[in-house]
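Q: Quick check, what structure comes out for this input:
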Amino acid sequence: MVQRRRRSSPTRPRAQRPAGPSASQATGSRVAVGVVRRPWGFDGSIAVAQFSDDPARFTSGDQVFIDGAGFSVEKVHSSGNSMVLKLASVDTEDQASALRGHTIEMDAAALPSQPAGVYYHYQIIGARVVTVGGEELGTVTEILETGSNDVYIVRPAPRPGQKGAPEILVPALKDVVVRVDTEHGVIEVDLPEGLR
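A: A predicted model of the protein is given here:
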């Protein structure tokens, strides 16, 4: 997640971004929260591009996972658009360099709860999208951040005799996204004319 202002507006269903296209899904009970950009200094610290707009995503004592291996966060500070982490047992520039490009995960249960109407990307991507009338539209495959509101890219389910239906772009607005059921992975929408 690129650092941006915290999204907490209850008027729009927003998705916080632990997600680039390759890191948007939860892995079991773990969620991608950042990627290692490069070593930082000579003590094994790493610069991290976090998949969040929460500047307090990482704190000392957090447990994070890289390639399944667990690390305790010893120190955290910010530098520009990056967070800088010092992980226990990563003590040299070479060890930090070996982590470059690797995804950092956290247990989903360790993520802070969100205000009403705010969701993590992993809760949205992969959800089934249905209309208020019960029509199945497809599955959310990606989320575009436009600045004013997110847009869910919905890929229709293949239908017999139909070749690749076009994707549907669903703006994440309160008037359009009627209900988000993260427990069952269903998003109910009321699409205005012209959106498909």
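
Q: for residue 143, helix, strand, or coil?
A: Under DSSP: H, G, I helix; E, B strand; the rest coil, the three-state class of residue 143 is strand.

Q: burial count for it?
A: By the criterion of other CB atoms under 10 Å, residue 143 has 22 neighbours. Glycine gets a C-beta too; all of them are placed from N, C-alpha and C.

Q: Would you mind measuring from it to residue 45?
A: Noted for residue 143: a distance of 30 Å to residue 45, by CB to CB, to the nearest Å.

Q: just residue 78 next, same as before
A: Distance of residue 78 to residue 45, given as CB to CB: 12 Å.

Q: got any residues that touch both of the two?
A: residue 84 (CB atoms under 8 Å, 6 or more residues apart in numbering).

Q: Who has more neighbours out of the two?
A: With neighbours defined as other CB under 10 Å, residue 78 and residue 45 compare such that residue 45 has more, 21 against 12.

Q: Name the nearest residue to the more buried one, ignoring sequence neighbours.
A: Computed as CB to CB, 6 or more residues apart in numbering, the closest residue to residue 45 that is not its neighbour in sequence is residue 86, at 4.6 Å.
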